[in-house]
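>>> can't give you the sequence, but here's the structure:
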């Protein structure tokens, strides 16, 4: 009996070694925005303007530089974006079907601002907002932030990562917040600032950083923007306070047991935000001013500001 079991186990093991599991094929769709490919990458099966990645091995790190730049009459190709994420590296990890959207620049204008930024010195960005998805894999109708995220997506302000996910619990950086606020405004930047030592004219958030500086807010200090700074809830309120041109207000912060943890420099902004019902307490009844602002929270904040405008 034991010998029979051993033979069966050996047979199963042998079959497992001989049979190679089928590799999934991920579909990468290219939104060329009026452009066209002049040369297709040889490593992928191509159907018109859609590339079907043949295996997970290939898809794991999609080599964007292997995709020859498309062309469009009167425009310069500037790169690819997925939803509100601009791909800046030569490779991008893919875990499912995605859509890459071409970024074009024409006569000094760029269509990056859909949740990202604009580029080029002394150039005027064309500010367009394209509505995002009507659903996300990680956003459900039962979530407290569902309506806020759907609003932000419909407005073309926060449209997710282009792979079906929104990332509601992901942190918000300074560059993302300033870019979204710039997109919400009617202003257009014509020349990129040289006052920030860490902002190049080609950075996707350059126009937004310049706009914020011109309006007296946004940067870490007068010479450093700090694009990758992860913002706390109180830091976010300081920026929103300046953006909304808020004025000193009163609010009973004593209802929050951690009110004394609000930094002195943020107290006026936080008080204003609470008084306007823009900033609310967390589920635990605390304000948590030093906690990280999440993408879901940002969508909610923007929705409330828009509603109360």
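The structure has been received and is ready for your questions. Keep in mind it's a predicted model, so treat the numbers as computed, not measured.
>>> residue contacts, the closest residue to residue 230 other than its chain neighbours?
Excluding its sequence neighbours, the residue lying closest to residue 230 (CB to CB, 6 or more residues apart in numbering) is residue 171, at 4.6 Å. Glycine gets a C-beta too; all of them are placed from N, C-alpha and C. Taking CB atoms under 8 Å, 6 or more residues apart in numbering as the contact definition, residue 171 lies against 230-231, 292-295.
>>> Surely residue 80 is in a helix?
No. Assessed with DSSP: H, G, I helix; E, B strand; the rest coil, residue 80 is strand; it does not lie in a helix.
>>> Can you give me the neighbour number for the residue nearest to residue 206 when sequence neighbours are not counted?
Nearest residue to residue 206, sequence neighbours excluded (CB to CB, 6+ apart): residue 192, at 4.8 Å. Using other CB atoms under 10 Å, residue 192 is surrounded by 23 other residues.
>>> circling back: the residue nearest to residue 230 pairs with what?
In this entry, residue 171 is beta-bridged to residue 294, by DSSP bridges.
>>> Can you check the pLDDT for it?
Listed pLDDT for residue 171 reads 95.
>>> distance of it from residue 177?
Using CB to CB, to the nearest Å, we find residue 171 at a distance of 11 Å from residue 177.
>>> which residues are in contact with both of the two?
231, 293.
>>> Just say helix, strand or coil for residue 198.
Residue 198 - assigned by three-state DSSP - is coil.
>>> dump the residue contacts of it.
Counting by CB under 8 Å, 6+ apart, residue 198 touches 224-227.
>>> 10 Å instead, please
Shown in contact with residue 198 (CB atoms under 10 Å, 6 or more residues apart in numbering): 209, 219-220, 223-228.
>>> Mark which of those residues are buried, thanks.
209, 219, 225-227 (16 or more other CB atoms under 10 Å).
>>> and the end-to-end length of stretch 188-207?
8 Å (CA to CA, to the nearest Å).
>>> And it, what's buried?
189, 192-193, 196, 199, 201, 203-207.
>>> And stretch 165-179, by the same measure?
165-168, 170-179.
>>> Please consider this matter closed, and thank you.
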